[in-house]
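**Student:** everything below, folded, please.
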Amino acid sequence: MVIEAIAPTRVDLAGGTIDIWPLYLFHPGAATVNFGISLYARCCIETRDDDRIILESRDRQVSFETSLAGVVDLAREERLELIAKLVHFFKPETGFHLIAESDAPAGAGLGGSSALAIACIGALNRLVGERYERSKFIVIAANVETQVIRVPAGFQDYYGAFYGGANCIHFRPDGIEREALSINSAELERRVVVCYTGEPRLSGINNWEMFKTHIDGDPVIFQLFESIRDSAQAMRRAVVDDDWPEVSRVMRAAYPNRKRLAPNITTPHMEMLVEKAIRHGAEAAKVCGAGGGGCIAFLCAEGTRESVERALAAEEGAQVLQWKFAPEGLTVREG
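**Tutor:** Residues are numbered from 1 along each chain as shown. Reported below is the predicted structural model:
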């Protein structure tokens, strides 16, 4: 039996970091707006006739073997830690070869590890006979990834991977609700350039510093989180109304506030890329994920996308990523 699962990564337009429990509980109306892109995380499982388990990452060029009896030890395995912990959680009863890979660069800030978690959960759940309802997948992914990064995980990435499409994720005391947004995806593809800076980042580090400062009661940080909430609400209205001047305005207004929240959210190289993109037609920039490296999404003025892409591609280390809007989320197939 062969099981194949794919899940899209995402670009976040507004509301990042406020998606971490319990920070959103202190900001009524907290939300995050993102959309899925066609840079997929993939998990392929092929069953075996013996008790061997092979875990392999094509991206990291790492693989190792264990046995069904050795699954209990995967909770402490440091190689391919996320995948190992997920296999330990599902405790399969047959041997298999699992291959994981991602279209997104490592540390891109596009929610790649979260998309991989969702893809692996989809495949492993099929392997063990659909043990869990799909409604459990996001909670499982967030809890297991938190065990890996050892700091609280934000929730928005799992919703982008699980559902695809354009999303407004609402964070409320009675739970998290995903609102599917009707969005002009063709205009999104025409106007948004996603550039990998060549500098990978560790989102857990940036988010943890912000988390601690917020919990410690810093009033400046509290107000910055209020502005993150307000930006997300304004972005939701703008994309639903197909109001691209307003999308641009919200992105421009949010950029300096994000830098105040975490000065290391941008590097000198990232600042240089932003300045160059704006000179060639970009109207606004949004650091993807927690920043400190990874990707930047640029909103381009009408007809300037190609000019912005050429300018960015000319910079050493920068890579303009080719993507399409991903209307569907997690897909699991069995053959």
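**Student:** and stretch 279-293, how far apart are its ends?
**Tutor:** Start-to-end span of stretch 279-293 (Cα to Cα, to the nearest Å) is 21 Å.
**Student:** quick one: average confidence on that stretch?
**Tutor:** Averaged across stretch 279-293, pLDDT comes to 87.
**Student:** show me where the stretch 101-250 of the chain has strands.
**Tutor:** Ranges of strands in the stretch 101-250 of the chain, per DSSP state E, counting those that start in this stretch, are 166-172, 175-180, 192-196.
**Student:** do you know which of these lies nearest residue 71?
**Tutor:** Of all these, strand 175-180 sits nearest to residue 71, with 30.6 Å by Cβ to Cβ. Yep, even glycine has a C-beta here, placed from its N, CA and C like the rest.
**Student:** so for that closest one, what gets flagged as buried?
**Tutor:** Residues of strand 175-180 classed as buried: 176, 178 (neighbour count, 16 or more other Cβ atoms under 10 Å).
**Student:** dump it to PDB, restricted to CA.
**Tutor:** Extracted in PDB, the C-alpha atoms of strand 175-180 (Å, rounded to 0.1, in the frame of the first residue of the first chain):
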ATOM      1  CA  GLY A 175     -12.200  28.200  20.500                       C
ATOM      2  CA  ILE A 176     -10.600  28.900  17.200                       C
ATOM      3  CA  GLU A 177     -12.700  29.300  14.100                       C
ATOM      4  CA  ARG A 178     -11.600  29.400  10.500                       C
ATOM      5  CA  GLU A 179     -13.500  31.700   8.100                       C
ATOM      6  CA  ALA A 180     -13.000  30.900   4.500                       C
END
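**Student:** show me what it is packed against.
**Tutor:** Packing partners of strand 175-180 (3 or more Cβ pairs under 8 Å, 6 or more residues apart in numbering; DSSP states H and E): helix 156-163, strand 166-172.
**Student:** what is the first one packed up against?
**Tutor:** Using 3+ Cβ pairs under 8 Å, 6+ apart as the contact definition, the elements that helix 156-163 packs against are strand 2-14, strand 31-47, helix 112-127, helix 137-149, strand 166-172, strand 175-180.
**Student:** rerun at 7 Å
**Tutor:** On a contact count with 3 or more Cβ pairs under 7 Å, 6 or more residues apart in numbering; DSSP states H and E, helix 156-163 meets strand 2-14, strand 31-47, helix 112-127, helix 137-149, strand 166-172.
**Student:** now render these as CSV, adding distance to residue 209 and mean pLDDT.
**Tutor:** Putting the helices and strands packed on helix 156-163 into CSV (distance: least, Cβ to Cβ, whole Å; pLDDT from 0 to 100) gives the following:
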stretch, distance to residue 209, mean pLDDT
strand 2-14, 19, 97
strand 31-47, 19, 98
helix 112-127, 19, 97
helix 137-149, 13, 96
strand 166-172, 20, 98
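**Student:** how much space separates residue 249 from residue 230?
**Tutor:** As defined by Cβ to Cβ, to the nearest Å, residue 249 lies at a distance of 13 Å from residue 230.
**Student:** looking at those two, which one has more neighbours?
**Tutor:** Higher neighbour count among residue 249 and residue 230: residue 230, with 19 against 15, using other Cβ atoms under 10 Å.
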